[in-house]
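Q: dropping a prediction and its sequence here:
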Amino acid sequence: MKTSFKIVIAAIAGAAIGAAAMQGWHAQSNPKAYSVAESELSGTASPEFLATARKAIEAGHGRPLQGRVYTIEGAAPKNVAIVEWHSVNDAVAFYKSKAWTDMAAEREKYQKNVRRYVLDVEK
């Protein structure tokens, strides 16, 4: 095999590997979105409901984040729910989905004064 032919084959293989790496890097660089819900709890949700809600969120490409609320400035809400989404479109699609609307009656039993919004994190 001639040297020039080997160089051409190596260049093509390198370009293919580089293109695949760039595709993976580009997919990882897409900005995430976060939905934030501030609410006051008027009761305690059943463990079954919480499990159902978590599964529905995960099926919609979300990842619920958990933690305690610490006040830094102003009045913090007593309860905050944050969900990390692959994109704003995933978040909006989930909150318009049948799975979410079907849970409305159960949510209203223990949640009031909900303010919900989505943060689109820029690159």
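A: Noted; the coordinates are in hand. Just so it is clear, the structure is predicted and the values come from calculations on it, not from any experiment.
Q: need the residue closest to the centroid of the protein.
A: Taking C-alpha atoms, centre = their mean, the centroid of the chain lies closest to residue 85, which sits 1.3 Å from it.
Q: and residue 63, what is it in contact with?
A: 57, 83-85 (C-beta atoms under 8 Å, 6 or more residues apart in numbering). All C-beta atoms are positioned from the backbone trio N, CA, C, and that covers glycine.
Q: helices along the chain, start to end?
A: 3-28, 47-59, 88-95, 98-102, 104-110 (DSSP state H).
Q: what packs against the fourth one?
A: Packed against helix 98-102 by the contact rule (3 or more C-beta pairs under 8 Å, 6 or more residues apart in numbering; DSSP states H and E) you find helix 47-59.
Q: can I see the domain layout of this protein?
A: According to automatic domain parsing, the chain comprises the domains 1-30, 33-120.
Q: in the chain, which helix or strand is least confident?
A: One helix or strand of the chain scores below all others by mean pLDDT, DSSP states H and E: helix 3-28, with a mean of 57.
Q: thinking again about what came up before, among the contacts of residue 63, name the ones in strands.
A: Counting by DSSP state E, the contacts of residue 63 place 83-85 in strands.
Q: thinking again about what came up before, so which of the domains of the chain is the most surrounded?
A: domain 33-120 (a mean of 14; mean count of other C-beta atoms under 10 Å).
Q: for that one, measure first residue to last.
A: 5 Å (C-alpha to C-alpha, to the nearest Å).
Q: and if you look at stretch 57-74?
A: With C-alpha to C-alpha as the measure, stretch 57-74 spans 30 Å from end to end.
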